[in-house]
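S.K.: Mind folding the following:
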Amino acid sequence: MRRLPTRNSKSAQNHWCPRKSTKATQSGFDLDELQTQRRAAEPENSVTSPDEYLTIMISVGARKIRIVERLLLAIGLTLLTGWAAARFHGSIASDAAVRRFHAQASASTGSSPAAGADFAQWSPQRIRAYKDSLATEKNLPIAILHIPKINLEVPVFSGTDELTLNRGVGRIVGTAQIGQPGNIGIAGHRDGFFRGLKDVGRNDLVELIELRRTERYVIRKIEIVSPDDVSVLDATPVPTLTLVTCYPFYFVGSAPQRYVVTATKQISSQPNESVNPSSSSTGKKINQKEKAR
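M.R.: The predicted model follows:
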């Protein structure tokens, strides 16, 4: 008789714990294989080392920096293009009133027009304001203010409202009329036509060109006063030209002071008019003090 395997024998173990058949494995019932597939399908939750984390952060930061650099470059190029276009337009349009004035003066006196103004020191905002003002007003200037030293030639209009000062300089109401004796007050923006006043000094020539004649003045005094000090515009016994603008020239916001240039009419019989040394100054000295602040 054939002997049955005992429970403690190796054969018994094989009998009671049979191996998985090839058929069962092929049918998908292999538990080890199922667990392996499940682990592969699950997201990786391994902990990143500090070095790997630092490398990832540096890489992400570098990409962000490149994006920001490109964005700033694009913005800068856009602003530069807009400023260049506004300045180019302003440079062409700025002489419109001057040309009309000289055309009329040439027709009546045969005089030749002077050179155009230099707008290199203008702020972009003032250029845009000037361009807008030209589209609104087309009246003829009452005179042309010319300062050879700073290559300034600007139309003079009557009044000092914002529209007028955007397209030229203005005669201050209450001061002497152009062509009349007394103190003629003329105002202009410090970031526009009158920016160059910071570079003038005593004995510099100032011309006020009218339709039929040109009056020449010599700068005698430059001073800084408060906005409430209107004594600089008082009537004078000799023909005087007073140029007024805000100060400091590069102050951000509403400037707290006024920069005043006083010139007296040049008289051939009195070439050396007296000047009070204690109250006289030059633009160069004043601007050195401004830079030292």
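
S.K.: Going by residue numbers, what spans are strands in the chain?
M.R.: With strands called from DSSP state E, the chain shows them at 143-147, 152-158, 169-171, 183-187, 205-209, 214-225, 240-247, 257-265.

S.K.: Tell me the buried residues in stretch 150-159?
M.R.: For stretch 150-159, a neighbour-count test (16 or more other Cβ atoms under 10 Å) marks 150, 152-157 as buried. Glycine gets a C-beta too; all of them are placed from N, C-alpha and C.

S.K.: hmm, who's touching stretch 180-187?
M.R.: The list of residues contacting stretch 180-187 from outside it, by Cβ atoms under 8 Å, 6 or more residues apart in numbering, reads 145, 156, 160, 165, 169-172, 174-178, 208, 232-236, 239-245.

S.K.: Quick check: Arg167 touching Phe157?
M.R.: Yes. Between Arg167 and Phe157 there is a contact under Cβ atoms under 8 Å: 7.3 Å.

S.K.: what separates Leu71 from Val252, distance-wise?
M.R.: According to Cβ to Cβ, to the nearest Å, Leu71 and Val252 sit 26 Å apart.

S.K.: who's more crowded, those two?
M.R.: Neighbours per residue, other Cβ atoms under 10 Å: of Leu71 and Val252, the larger number sits with Leu71, 10 against 6.

S.K.: returning to that earlier point: need the buried ones from the contacts of stretch 180-187 selected in ChimeraX.
M.R.: The following ChimeraX line selects those of those that are buried, judged by 16+ other Cβ under 10 Å:
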select :145,156,160,165,169,170,171,172,175,176,178,208,232,233,236,239,240,241,242,243,244,245
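
S.K.: Sketch out the low-pLDDT regions of the stretch 101-250 of the chain for me.
M.R.: Applying pLDDT under 70 to the stretch 101-250 of the chain picks out residues 102-119, 131-138.

S.K.: can you rerun that using 80?
M.R.: Within the stretch 101-250 of the chain, the stretches with pLDDT under 80 are 101-123, 126-140.

S.K.: Where do the helices of it begin and end?
M.R.: With DSSP state H, counting those that start in this stretch as the criterion, the stretch 101-250 of the chain has helices at 124-136, 162-167.

S.K.: give me the number of residues near the residue lying closest to Ile144 once chain neighbours are set aside?
M.R.: In space, and not counting its chain neighbours, Ile144 is closest to Ile209: 4.1 Å by Cβ to Cβ, 6 or more residues apart in numbering. When neighbours are defined as other Cβ under 10 Å, Ile209 has 23 of them.

S.K.: swap in Gly82?
M.R.: Neighbours of Gly82 (other Cβ under 10 Å): 12.
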